[in-house]
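A.B. asks: Using only what follows, build the 3D model:
(one chain, ligands or ions: 2)
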Amino acid sequence: MPKQIKTIGILTSGGDAPGMNAAIRAVTRKAINAGLKVKGIERGYLGLLNEEIIDMEKHSVSDIIQRGGTVLGTARCSEFITEEGQAKGAAICKKHGIDGIVVIGGDGSYRGALALYHHGVATIALPGTIDLDIACTDYTIGFDTAVNTAMQAIDKVRDTSSSHERCSIIEVMGRNAGYIALWCGIANGAEDILLPEKYDYDEQKLVDNIISSRKHGKRHHIIINAEGIGHSTSMARRIEAATGIETRATILGYMQRGGSPTATDRYHASIMGAYAADLLSEGRSNRVIAYKNGTYTDFDIEEALSMQKDIPQYQYDISVALSR
Ligand code: ADP
Ligand code: F6P
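C.D. replies: Numbering: from 1, shown residues only. Ligands and ions are numbered 1, 2, ... in the order given. Take a look at the predicted model:
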């Protein structure tokens, strides 16, 4: 017989992502409709340990669906990685009557969610990261907005790059994952794409590509470099010296994490948030919500954490084939 949940908490953790607010709204409204009480936990696990807990009503989540960031705030919290921190977090949940929790974040946040589950708090996790680097799901909240923001910025850099006949290195986010770089590489028609999962650090190849594309009459050369490779400014200096072609670096940075979410992010985040509330209402726990092969589904958190994801080779090959 599954345990009947009466009060749920909701928190956002790790890097923020556009669409998190749509998820917060959906969890809150669906849970209240099902007769549950909802508490918002501010600043992720840090706020949980500091008991920054507020009552959420339906009107608390009005006028947030279109806003970037997370109205609950987010933080990183090293204390929560310790067994003592996790036990304290679970005790605080108990003290506030929180018997179920929804965690919106990435892999790191899932580990915290798993710890809360092991301490007796029913837990559901939602994939919230612009990096798309969660193995169990084809979609993560915020990726679509971030990749569109980056694409638009790269188009703008390309205009000036062509006018001045320059080479441009544009660095996009993704400390460990090259999904934003891959998608922009294809969507922006970049000449070279450097992904942490694929790059062989052969700069001579880049130099040869630039010289060859110039010979074929190209007025620009766009290199999209993922943050995980980094060093765009020094790379630009070396490339300019080796090719004799003016080369500039642009680091897009945190602008990629902000902004009003796209319809895709609002839509998926709303469905996933409602799904999380439904699972908790049904007494389910220890689940990660995913969008896989066109359907919404859920996985055991441990199973989700053990899955591997890599840049799809076919799509990567296409990005290379279309770039020449
Ligand atoms: P993300 O959730 O985006 O992957 P982080 O890896 O920074 O971001 O994790 C967010 C937070 O999740 C951390 O600051 C920490 O509080 C918690 N966390 C990360 N790893 C663990 C772990 N192994 N055990 C418990 N909590 C963790
Ligand atoms: O949200 C994901 C991400 O943008 C990564 O690509 C990046 O490495 C990381 O967050 C940086 O976030 P912060 O500077 O907030 O730790």
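
A.B. asks: going forward, measure contacts between C-alpha atoms and count neighbours the same way
C.D. replies: OK.

A.B. asks: Quick check: what element follows the biggest helix by length in the chain along the chain?
C.D. replies: If you go by DSSP state H, the chain has its longest helix at helix 143-163. Downstream of helix 143-163, the next assigned helix or strand under DSSP states H and E is strand 167-172.

A.B. asks: and that following strand, C-alpha only, in CSV?
C.D. replies: Taking C-alpha atoms only, strand 167-172 is exported to CSV below (Å, rounded to 0.1, in the frame of the first residue of the first chain):
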residue,chain,number,x,y,z
CYS,A,167,37.2,34.3,-38.4
SER,A,168,35.1,34.1,-35.3
ILE,A,169,35.4,31.7,-32.4
ILE,A,170,32.2,31.7,-30.4
GLU,A,171,32.1,29.9,-27.0
VAL,A,172,28.8,28.4,-25.9
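
A.B. asks: what sits against the most centrally placed residue in the chain?
C.D. replies: Centroid-nearest residue in the chain, with CA atoms, centre = their mean: residue 129, separated by 1.5 Å. Residue 129 is in contact with 15-17, 105-106, 140-143, counting by CA atoms under 8 Å, 6 or more residues apart in numbering.

A.B. asks: what residues does the stretch 151-300 of the chain put near ligand 1?
C.D. replies: Counting by CA under 6 Å from any ligand atom, none of the residues of the stretch 151-300 of the chain come close to ligand 1.

A.B. asks: At which residues are the strands of the stretch 151-300 of the chain located?
C.D. replies: 167-172, 192-194, 221-226, 247-251, 287-292, 295-300 (DSSP state E, counting those that start in this stretch).

A.B. asks: how far away is the residue of the chain positioned farthest from its centre from residue 245?
C.D. replies: Ranked by distance from the centre of the chain (CA atoms, centre = their mean), the top residue is residue 215, with 39.0 Å. The gap separating residue 215 from residue 245 is 12 Å, by CA to CA, to the nearest Å.

A.B. asks: next one: residue 236
C.D. replies: Taking CA to CA, one finds residue 236 at 10 Å from residue 245.

A.B. asks: Look at the two and report which has more neighbours.
C.D. replies: residue 236 (21 against 18; other CA atoms under 10 Å).

A.B. asks: who are the neighbours in contact with that one?
C.D. replies: By CA under 8 Å, 6+ apart, residue 236 lies in contact with 168-169, 247-249.

A.B. asks: Could you take these and lay them out as a markdown table, with extra columns for pLDDT?
C.D. replies: A markdown table is the format used below for the contacts of residue 236 (pLDDT from 0 to 100):
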| residue | pLDDT |
| --- | --- |
| 168 | 97 |
| 169 | 98 |
| 247 | 97 |
| 248 | 97 |
| 249 | 98 |
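
A.B. asks: Return only those of the residues you listed found close to ligand 2.
C.D. replies: When contact is defined as CA under 6 Å from any ligand atom, the contacts of residue 236 do not meet ligand 2 at all.

A.B. asks: Can I get the residues you listed in TSV including distance to residue 33 and neighbour count?
C.D. replies: Listed next are the contacts of residue 236 as TSV, based on distance: CA to CA, whole Å; neighbours: other CA atoms under 10 Å:
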residue	distance to residue 33	neighbour count
168	52	25
169	50	26
247	57	23
248	54	20
249	50	21
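
A.B. asks: what pLDDT does residue 220 get?
C.D. replies: Looking at residue 220, its pLDDT stands at 89.

A.B. asks: I'd guessed it sits against residue 158; true?
C.D. replies: Yes: between residue 220 and residue 158 there is a contact under CA atoms under 8 Å: 7.2 Å.

A.B. asks: list residues touching both of the two?
C.D. replies: Taking CA under 8 Å, 6+ apart as the criterion, residue 220 and residue 158 both touch residue 168.

A.B. asks: how about the helices in the stretch 1-150 of the chain?
C.D. replies: Using DSSP state H, counting those that start in this stretch, the helices of the stretch 1-150 of the chain run over 20-33, 44-49, 83-95, 107-118, 143-163.

A.B. asks: Quickly compare the ones you listed and say which is most buried.
C.D. replies: Greatest average neighbour count among the helices of the stretch 1-150 of the chain goes to helix 20-33 (a mean of 26), per mean count of other CA atoms under 10 Å.

A.B. asks: what's the average pLDDT for that one?
C.D. replies: Averaged over helix 20-33, pLDDT sits at 98.
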